[in-house]
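Trainee: Below are the sequence and a predicted model; questions follow.
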Amino acid sequence: MDIITLKDVTFHYNTTTILKKINLTIQKGTFLTVLGPSGSGKTTLLQLLLGTLQTQEGKILVENDLLDVQHMKEIRSMIGFACDLSGQYLTSNTITSELAFVLENLCYPKNEMKERIEEIAQLFDIDELLDASPQALNYSEKQVVAIASALVHHPKILLLDEAFYGMNSYDVEKVFRILKRLNREQDVTIICVTSHVEYSLYGKEIVVLKNGKVFLKGKKQDVLQEERKLKQASLELPFMVDLSHKLSYYGLVDKPIYNMSRMVKHLWK
């Protein structure tokens, strides 16, 4: 089932065309990574899906409803969003209040708010931070809280715009592990826009934008085989993908292995 459909979507900034007749279907329950060089239209695409920018040509459907003023409130309630600056915009006195903010705006009853906050805090292992001030957290911790806040209302769709930028490797790994679990167990559709190609290894599918158009689209393993086309889009293969390809050439692996621990285990057999 398609949860998001873009039909001939075009967007201009003044006289500059950022997106050119984008046609894209995103299935419910996928984990999609959107890659592309700077200026390719990645963030604009996400802002259109979020509804903060309006399509100038074409249309966007979310669960078969047109993303327009009439349906905006309903659609926004099913979306969670975090970007690279989200952690800097935490303004509540405590992390509990920060997590409650989204639920209050959606008019959740207090008893359910308490359950949701406790649930998401346990999931992200931030229980001990609930009474802390956001200002007492480091940048990486703030981003973890921001992503947790985007998920506290159980959205059907999670949009991430460079949300892992500047986070430490431990927190990045932890959050991606949680996202994969939510994607697998709760069918949350995740769209992760990033310029960090390594992060594409966590997802299921990849879309590569180039010059405002869909340049590549497909399952992760298929897109990552297109080294020449990725280079045309100014993207390098992730280290593990490049290593796997080279070892395959020498007959040391018979299929791609993108996880370091599995690779080591395979080579030491």
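Mentor: Done, it's in.

Trainee: where exactly do the strands run in the stretch 51-200 of the chain?
Mentor: 57-62, 65-66, 79-83, 157-161, 189-193 (DSSP state E, counting those that start in this stretch).

Trainee: any weak-confidence spans in the stretch 151-269 of the chain?
Mentor: Low-confidence regions of the stretch 151-269 of the chain, defined by pLDDT under 70, span residues 269.

Trainee: any chance of the strands of the stretch 51-200 of the chain in JSON lines, plus distance to A148 and mean neighbour count?
Mentor: From N, CA and C alone the C-beta is placed, and that goes for glycine too. Below are the strands of the stretch 51-200 of the chain laid out as JSON lines (distance: least, Cβ to Cβ, whole Å; neighbours: other Cβ atoms under 10 Å):
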{"stretch": "strand 57-62", "distance to A148": "23", "mean neighbour count": "18"}
{"stretch": "strand 65-66", "distance to A148": "27", "mean neighbour count": "14"}
{"stretch": "strand 79-83", "distance to A148": "9", "mean neighbour count": "22"}
{"stretch": "strand 157-161", "distance to A148": "11", "mean neighbour count": "23"}
{"stretch": "strand 189-193", "distance to A148": "14", "mean neighbour count": "24"}
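
Trainee: now these as TSV including distance to K219?
Mentor: Shown next, in TSV, are these (distance: least, Cβ to Cβ, whole Å):
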stretch	distance to K219
strand 57-62	23
strand 65-66	27
strand 79-83	24
strand 157-161	20
strand 189-193	15
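
Trainee: Could you pull up the contacting residues of L160?
Mentor: Contacts for L160 (Cβ atoms under 8 Å, 6 or more residues apart in numbering) come out as F81, A82, C83, I147, I190, I191, C192, V193, T194.

Trainee: residues in contact with the fourth one?
Mentor: Shown here is I147, whose contacts under the criterion Cβ under 8 Å, 6+ apart are A82, S86, F124, L160, A163, V175.

Trainee: quick one: it and E226, what's the gap?
Mentor: 30 Å (Cβ to Cβ, to the nearest Å).

Trainee: Check the first one too.
Mentor: Relative to E226, F81 is positioned 29 Å away (criterion: Cβ to Cβ).

Trainee: do the same with the second one
Mentor: Taking Cβ to Cβ as the measure, A82 and E226 are separated by 29 Å.

Trainee: One more: V172?
Mentor: Taking Cβ to Cβ, one finds V172 at 25 Å from E226.

Trainee: Looking at these two, which is more packed in?
Mentor: V172 (21 against 18; other Cβ atoms under 10 Å).

Trainee: where in the stretch 1-150 of the chain is pLDDT low?
Mentor: Short version for the stretch 1-150 of the chain, where the test is pLDDT under 70: none.

Trainee: What about G51, how many residues nearby?
Mentor: 19.

Trainee: could you check the distance from it over to G203?
Mentor: 23 Å.

Trainee: same check, this time on L106
Mentor: 27 Å.

Trainee: would you turn the contacts of I147 into a markdown table with distance to S40?
Mentor: Formatted as a markdown table, the contacts of I147 follow (distance: Cβ to Cβ, whole Å):
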| residue | distance to S40 |
| --- | --- |
| A82 | 21 |
| S86 | 22 |
| F124 | 31 |
| L160 | 17 |
| A163 | 18 |
| V175 | 24 |
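
Trainee: Out of those, flag the one nearest to M1.
Mentor: L160 (21.7 Å; Cβ to Cβ).

Trainee: Scan the protein for its longest helix.
Mentor: helix 169-186 (DSSP state H).

Trainee: between that one and strand 157-161, how many degrees?
Mentor: If you take axes from the mean of the first three to the mean of the last three Cα atoms, to 10 degrees, helix 169-186 sits at 160 degrees to strand 157-161.
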